[in-house]
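No sequence on hand, only this structure:
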């Protein structure tokens, strides 16, 4: 592996230059005005795969944003690793909180700052450059495929049917994904559980037009006040979600499993200090780690209605809106939860308003076993580069498509992520430490090596 | 009065042309970028007063937007009427709901459509043109003064001190204001009560930055959910405001007074139909007319926080905001209510968040007696033009400065408004019926006439 290390060190600056080119493309999948940027980002990755040694690479259309597929086959007897990643990014609002423009990447204090620096362009790029390193140093030990989508941030809307239509092309022995975090460079970890997601938008309509709050206030239902009351009714005093049936499919962990989790290093005071909060809150009877790891939750991600400009406008608005995200645990079904939410939300609407609920995004949770060749390979690769055996953790986040991969392609995924909690993904000033980018590129070829070796046995 | 009527009819089209010139100036007092437009609107009115026959007219600076003062003295022995109005308008959001641009006035189906068409440029303009008519036909029966401010929509911030500094200049026998509505052209009315106002902005801060709702949701207080809960706690199940002390200074009306109010014509089904709502709501034990006329209320006029764009962004935001308006009844003190609100709102903030409350706007309620020369003059003038004796009504709206006029200048105001509920003031598609504009110009000189005659006796 010496050749590899030398190659990576010699081309370090070029790798970064190339990543910056990709980061400059504002490929925001949620915004229709960025349609061309999506094509540009996909084409950029396809061209890179070809020039880095793929036998085949193409931008494949879907009913939404395209998927980049690439592959290199050495020998049909060898195992095949399928790399999954996404070239789309989250919107950048609130823009005024960014210290530098989100699509003009810069390096400050050892970190790359840009939208997508971590999620997922930065992490995805480690795979492209690890692949190039192995090809150019003749050390690629197995076959490899790439499936890079453009709709992860909007719920991978068309990826499931893409998989269904291309099962043969996507055939592999493992799906390798770097789209999660590790606890810290000192406490490397591998994500073995993900939460599912139901994401809905609600609209509450009161009167048919905005009214003068003085002339009508007190006599007509105000959709903002009503929406606030309805949101409040979604949880009880113990921060438990009140939607009937919401917890029905939740599998409670055994006390030994919970004790195991409690052993993961976690400093509650550092956590509170980092967020500048006086107290953590959440479902009664569960620890902070459990609240984000093994329990479903409900959060309002956005709310708006009425006059939100400077100064005082006395209006009783016609409409108020909110975006509601529910994180689900394995065995909860996103579509079922959508329906339970909608039924309950409509049922608690008081007189004087109309309610509309729209499902925007969803996916199932996932649990990854730790006794697989893939897990062992990832664990060994990380231990070699980081000097410590990684700990298995459950993440509060969601990659809804992962459970579909297993259903449709019949292949398990391994979540070998190199992000850190401090990377501010989905937030202003998203960043990715250079050291994680470089160590990722170093770690990935070891995964290929161990996975190939262990598969032979 | 024949001369007058002929003059008004001959110059009808010019009056409208001139009003349109004023409506085209986007004098939004709440927005700092419209500072020059404020000066332009004030100058336009000053020039008009001079060319229409005022002895004196000037744009007088304040610490905020200027006040236009004008006067014409015939004889010091005659009474003096002080006309109050405002040249500033409300913001125009949501702009996309306007059927024509808010600052490009048009006439459609007998109505003038523009921001300010009613509130208050349209109603104010009736006074300018009534004045011109009387001057040019030599029928002005008394002295007249004009005080036209530019900060009514932001709480008349500097008008009280302007009055204090110019008491002698503003000396008058009555203040005549057209900034309210009548029930309908068939049921003319005079407003004899106004509600006061406390308008505050609240800010709830959770974590110090926007977080990924998957990684942190369920473990950290979400400021949107918290704000919703805090708003809900501001009212009980009977829609009574829960702020301790909120009702302490409210004077309950006697049952005979309430019976008197209940005789005012009001069609609840037409009201619901016009607003497209299945039911009215409000404080238990009071009718719709009472809820807006004699009871204080609390409404959220605006709310915002988190991701409000297209699609799904999974964020647990750092901050959430709301604008809260409380309409007060006579004897409640706006500053006292501000303080009660702030103390209560801070007291109900749960762990995990910080709360900030800012007072934006305020003023006291007002009750106008019906046994005055001014009320009689207005009643007779309206009856003459509309053919029916107007009924006295209490309005839910607020003109906070009216109670200050009485305190500082020692003069009562008479609220002879020609607006209609359907004028959509403060809303998209604000309008003012041509017929009301013309009848207003016709009615005002009769007020002058009767007020002068009754003052002599």
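Received it, and whenever you're ready, just let me know what you need. Everything numeric in this text was worked out from a predicted model, so none of it was measured. Residues are numbered from 1 along each chain as shown, chains lettered A, B, ... in the order given.

hey, let's count contacts and neighbours off CA atoms from now on
Will do.

can you give me the end-to-end distance of stretch A:421-429?
13 Å (Cα to Cα, to the nearest Å).

May I see the buried residues of that stretch?
For stretch A:421-429, the neighbour count (16 or more other Cα atoms under 10 Å in any protein chain shown) marks A:423-429 as buried.

And stretch A:35-55, by the same measure?
Of all the residues in stretch A:35-55, those buried under the rule 16+ other Cα under 10 Å are A:35, A:37-46, A:48-50, A:52-54.

Tell me which of those fall in helices.
Among the buried residues of stretch A:35-55, the members found in helices (DSSP state H) are A:35, A:37-46, A:48-50.

If we only consider these, which is nearest to chain B?
residue A:35 (14.0 Å; Cα to the nearest Cα).

The closest one and residue A:119, how far apart?
19 Å.

Pairing partners for the residue nearest to residue A:299 when sequence neighbours are not counted in the sheet, please.
Leaving aside its sequence neighbours, residue A:299 sits nearest to residue A:325 (Cα to Cα, 6 or more residues apart in numbering or on different chains; 5.3 Å). Taking DSSP bridges, one obtains residue A:199, residue A:299 as the residues bridged to residue A:325.

thought residue A:325 was touching residue A:303?
No: using Cα atoms under 8 Å, residue A:325 makes no contact with residue A:303, being 11.9 Å away.

Leaving out the residues flanking it, which one is nearest to residue A:446?
That would be residue A:381: by Cα to Cα, 6+ apart, it lies 5.1 Å from residue A:446.

Other residues contacting whichever strand or helix holds the one you found?
Counting by DSSP states H and E, the element that carries residue A:381 is helix A:373-386. Residues outside helix A:373-386 that contact it (Cα atoms under 8 Å, 6 or more residues apart in numbering or on different chains): A:174, A:185-186, A:188, A:190, A:369-370, A:388-390, A:414, A:416, A:439, A:442-444, A:446-448, A:450-451, A:454-455.

ok, then the element right after it?
Later in the chain than helix A:373-386, the nearest helix or strand by DSSP H and E is strand A:391-394.

Give the bridge partners for the residue nearest to residue A:73 when sequence neighbours are not counted, please.
Of all residues not flanking residue A:73 in the chain, residue A:143 sits nearest, at 4.7 Å (Cα to Cα, 6+ apart). Beta-bridge partners for residue A:143, by DSSP bridges, are residue A:80.

ok, residue A:143 - contacts?
A:71-76, A:78-81.

Of those residues, which is the most crowded?
Neighbour counts for the contacts of residue A:143 peak at residue A:80, which has 26 neighbours (criterion: other Cα atoms under 10 Å in any protein chain shown).

Is it correct that residue A:243 is in contact with residue A:234?
Yes: between residue A:243 and residue A:234 there is a contact at 6.5 Å, judged by Cα under 8 Å.

Quick one: work out the angle between the longest helix belonging to chain A and helix A:373-386.
Longest helix of chain A, by residue count under DSSP H: helix A:434-456. In terms of direction (axes from the mean of the first three to the mean of the last three Cα atoms, to 10 degrees), helix A:434-456 departs from helix A:373-386 by 140 degrees.

Okay then, goodbye and thanks.
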